[in-house]
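Novice: Predicted model, plus sequence, below.
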Amino acid sequence: MQSWDDIRVFLAVARHESLSAAGRVLRIDPATVGRRITRLEQDMGQPLFGKSPQGYALTDAGQRLLPHAERAEQATQGAAEALAGEAGRLSGQIRIGAPDGCANFLLPRVCATIARDNPDLEIQILSQPRVVNLSKREADLAISVSPPTAGRLTVQKIADYQLHVAAAETYLAQCPPIQSPQDLRAHRVIGYISDMIFDRELDYLSDMGLDQVHLASNSVSVQLNWLRQGGGLGIVHDFALPYAPELRRVLASEISLSRAFYLVRHGDDRRLDRMNRFAAALVAGMRAEVARLEALTQSN
C-alpha cells in the first residue's frame, strides 16, 4: 500500500506539471518532491511522469493511477470532515476562483457573512481575468459567466445579473448628448482589451457595434475607476453601481444586457458534505447580494 503522503505529492505534480510549483502548493522544497516521485515510481515499477521542456507530463501509467489517487484524496477529505468541526460548523480552507467583477463587488460581503458564522473557516478568493482551472486545483470551486461543457465538473446556475452603459456625471456634462444608441459612437469608450477577453459572454461592446475602445483593461475594477474619473462611457454591472455613486446609467431602457453566474465544482466534491454546505451558503448569499445591490441601483 502506498503512503498517502506520496500520493499527495503525485497529485500535486500531476496538476501543476512541475516540481517547483508542486512544492509551493505542498510547502516542501522541489528536491523533496522529486525524491518522493522517484520513490513512488520505484514502488510502482514504472515511470509515472515524462520530463520535457514544458514540464512533467503523466505517462500512461500515471494516467491510470490518477483517478485512484483522486479517490484516495476524496476519501481522506471525507474522513477529516467526519471527525472535524462542531455543531455543523465549517472549518479548514476553501478557495474560490471568480472573475474580478464578482470577486470585487459580490463575494466580499457574502464571504464575510459565511466566515462570521464559521470562525474556523478560512476563505480565499482568487480573482482572475481568465477561467480558473479546477482540474489543476487552482481553486476548490469557481464562479463562471458561462457554463463549462467539458471535464468532470458539476455546474449550478447562481443568478442572472444586469449590465448597462454608464458614465460619470462630470463626463456627461461636457460631452455631446446621448439620445440614441447611435450617439455612443461619438464618445470615448472604456472596456476590455479585445485579445484578452477570456469568455464570449464578456464581449459586450462588439455586440453593440462599438469596436473601438479608447481606454482598455482586462480588469473590471480598472474600467470602473476610469469611468469614475470621467474617462468615457462603458458597460457596468448594475451590482457595481452602488459602489460608484459618481456614475449614471445611460439609455437604460434602450440598452440592457443580461448575463448569469454559474457555480462550477469538481464532480467528486458532491460527495463531501462540507463542500455541499459551503456551496449552498455561497449560492444563497450571492443571490441575495445581487438582488440587494441591483435594487439599490434601481432606486437611485
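Specialist: Perfect, thanks for sending it.
Novice: tell me the contacts of the residue most central in space within the chain?
Specialist: Computing the C-alpha centroid of the chain and ranking residues by Cα atoms, centre = their mean puts residue 98 first, at 1.9 Å. The contact partners of residue 98, by Cβ atoms under 8 Å, 6 or more residues apart in numbering, come to 107, 125, 126, 127, 128, 132, 142, 143. C-beta here means a position set from N, CA and C on the backbone, and glycine is covered the same way.
Novice: Identify the residues contacting the fourth one.
Specialist: In other words, residue 127. 98, 99, 100, 103, 104.
Novice: For those residues, give me TSV that also has pLDDT, distance to residue 246 and secondary structure.
Specialist: Output for the contacts of residue 127, formatted as TSV (pLDDT from 0 to 100; distance: Cβ to Cβ, whole Å; DSSP: H, G, I helix; E, B strand; the rest coil):
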residue	pLDDT	distance to residue 246	secondary structure
98	94	25	strand
99	92	23	coil
100	90	20	helix
103	95	22	helix
104	94	17	helix
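Novice: Can you add distance to residue 213 and give these back as a markdown table?
Specialist: Converted to a markdown table, the contacts of residue 127 look like this (distance: Cβ to Cβ, whole Å):
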| residue | distance to residue 213 |
| --- | --- |
| 98 | 24 |
| 99 | 18 |
| 100 | 17 |
| 103 | 22 |
| 104 | 20 |
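Novice: For residue 200, state which of those is nearest.
Specialist: residue 99 (13.3 Å; Cβ to Cβ).
Novice: how many neighbours does the closest residue to that closest one other than its chain neighbours have?
Specialist: By the measure of Cβ to Cβ, 6 or more residues apart in numbering, the closest residue to residue 99 outside its immediate chain neighbours is residue 145, 6.2 Å from it. Each residue near residue 145 was counted by other Cβ atoms under 10 Å, and the total is 19.
Novice: hang on, the earlier thing: are any of the contacts of residue 127 buried, and which?
Specialist: In the contacts of residue 127, burial by neighbour count holds for 98, 99, 100, 103, 104, counting by 16 or more other Cβ atoms under 10 Å.
Novice: Buried among the contacts of residue 98? Make that a PyMOL selection.
Specialist: Burial among the contacts of residue 98 is assessed by 16+ other Cβ under 10 Å; the matching PyMOL selection reads:
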select buried, resi 107+125+127+128+132+142+143
